[in-house]
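Undergrad: my questions concern the predicted model and sequence given below.
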Number of protein chains: 2
Amino acid sequence: MIRGDGGRTIRAVLDRICDKWTLLIVATLDEGCLRFTDLHRQIPGISQRMLTLTLRNLERDGLVSRTAYAEVPPRVEYELTPTGRSLIPPALGLAGWAMEHIEEIEASREAYGERPGAGAAGA
Amino acid sequence: MIRGDGGRTIRAVLDRICDKWTLLIVATLDEGCLRFTDLHRQIPGISQRMLTLTLRNLERDGLVSRTAYAEVPPRVEYELTPTGRSLIPPALGLAGWAMEHIEEIEASREAYGERPGAGAAGA
DNA sequence: CAGCATCCCGGGGGATACTG
DNA sequence: CAGTATCCCCCGGGATGCTG
């Protein structure tokens, strides 16, 4: 179950992969080998700072491999490791759920606040 | 696929359910109806502030229902809605992955830094 | 018991500028 | 091109205290 041994273990991993960008990067790398700039372009809102940091973490955790080619115009390619690729299916599961339910979630959020009696407790 | 329509839609939902506490709370509520204090105790690290806020968001998004009993010792019960319950399976998928791979992730993290040639680029 | 208000700090993370 | 370093602001989120 999700909470595992008191939630500790799972929390650790969840904290790691559930940040703002990790899943997006992993998902993007599902396409295959990509260079830094490619990733940067394919992931709209990300800053190169966060891209770098997140990639470093992913590399450190063994989910992504980094290959630098010592060429004059530097080229660095990022690719999912087998472990990283194994994250794709469950990530797809979550993404699937997200896509299936986003509309009712947003509808519910709209409705909220119109509540009879709900004091609309500030932001 | 994960990135959906350019990543926008999915990002929205992911940002919502991937925060530090949401999945833990949903997981805990999988047990059934729980009162505020019960939740507070079952989720070790959480502050009542974050518990309240996260519950409010979950309620707002229609994943959790809140029932307040107008009794003298106030009693409020939280329960997963059908939508909320539908999140359990994919969440379990992710949790399963986390449990299966946490060891190699932590091992990989240990190994990192010992890299031959890796300039140990500061923090 | 449930939970809102307030204070306050750390750090997540964007923008910008510089380097190999 | 692929980063790194710096500045700096914002807000996540813990601690505490008060109310119904």
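TA: Done, it's in. Numbers count the residues shown, from 1 in each chain, chains lettered A, B, ... in the order given.

Undergrad: any stretches of chain A with poor pLDDT?
TA: Low-confidence segments of chain A (pLDDT under 70): A:1-10, A:114-123.

Undergrad: that one: strands as residue ranges?
TA: Assigned by DSSP state E, the strands in chain A fall at A:34-35, A:64-69, A:75-80.

Undergrad: mind putting these in TSV, distance to chain B and mean neighbour count included?
TA: All C-beta spots, glycine's among them, are computed from the backbone N, C-alpha and C. Below are these laid out as TSV (distance: least, Cβ to the nearest Cβ, whole Å; neighbours: other Cβ atoms under 10 Å in any protein chain shown):
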stretch	distance to chain B	mean neighbour count
strand A:34-35	13	18
strand A:64-69	10	14
strand A:75-80	13	17
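
Undergrad: mind putting those into CSV with distance to B:Leu39?
TA: Below are these laid out as CSV (distance: least, Cβ to Cβ, whole Å):
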stretch, distance to B:Leu39
strand A:34-35, 41
strand A:64-69, 36
strand A:75-80, 36
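
Undergrad: distance to DNA strand C added to those strands, as TSV?
TA: Below are these laid out as TSV (distance: least, Cβ to the nearest atom of the strand, whole Å):
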stretch	distance to DNA strand C
strand A:34-35	12
strand A:64-69	10
strand A:75-80	10
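
Undergrad: what separation is there between A:Glu79 and B:Gly62?
TA: Distance, A:Glu79 to B:Gly62, using Cβ to Cβ, to the nearest Å: 39 Å.

Undergrad: and what of A:Gly45?
TA: Counting by Cβ to Cβ, the gap from A:Gly45 to B:Gly62 is 26 Å.

Undergrad: which residue is nearest the middle of chain A?
TA: Against the mean C-alpha coordinate of chain A, by Cα atoms, centre = their mean, the closest residue is A:Leu23 at 1.7 Å.

Undergrad: hmm, it is touching B:Ile17, no?
TA: No. Under the criterion of Cβ atoms under 8 Å, A:Leu23 is not in contact with B:Ile17, lying 11.1 Å apart.

Undergrad: looking at A:Gly45 and B:Gly62, which is more packed in?
TA: Legend: neighbour count by other Cβ atoms under 10 Å in any protein chain shown for A:Gly45 and B:Gly62, higher for B:Gly62 (20 against 11).

Undergrad: and the more buried one, what does it touch?
TA: For B:Gly62, the contact set (Cβ atoms under 8 Å, 6 or more residues apart in numbering or on different chains) comprises A:104-105, A:107-109, B:81, B:83-84.

Undergrad: switch to 10 Å and redo it
TA: Going by Cβ atoms under 10 Å, 6 or more residues apart in numbering or on different chains, B:Gly62 touches A:101, A:104-109, A:111-112, B:81-84.

Undergrad: so which of those wins on neighbours?
TA: Result: B:Gly84 is most packed of the contacts of B:Gly62 (other Cβ under 10 Å), 22 neighbours.

Undergrad: does stretch A:21-33 come close to chain B?
TA: Yes. With Cβ under 10 Å from any Cβ of the partner chain as the criterion, chain B is reached by stretch A:21-33 at A:21-24, A:26-28, A:30-31.

Undergrad: for A:Val76, which non-adjacent residue is spatially closest?
TA: Closest residue to A:Val76 apart from its sequence neighbours, by Cβ to Cβ, 6 or more residues apart in numbering or on different chains: A:Ala68 at 4.7 Å.

Undergrad: swap in A:Arg66?
TA: Per Cβ to Cβ, 6+ apart, closest to A:Arg66 is A:Glu59, 5.1 Å.

Undergrad: coming back round to it: contacts with DNA strand C among the contacts of B:Gly62, please.
TA: Filtering these for proximity to DNA strand C by Cβ under 7 Å from any atom of the strand leaves nothing.

Undergrad: so which of these belong to helices?
TA: A:101, A:104-109, A:111, B:82-84 (DSSP state H).

Undergrad: gap between A:Gly45 and A:Phe36?
TA: Counting by Cβ to Cβ, the gap from A:Gly45 to A:Phe36 is 16 Å.
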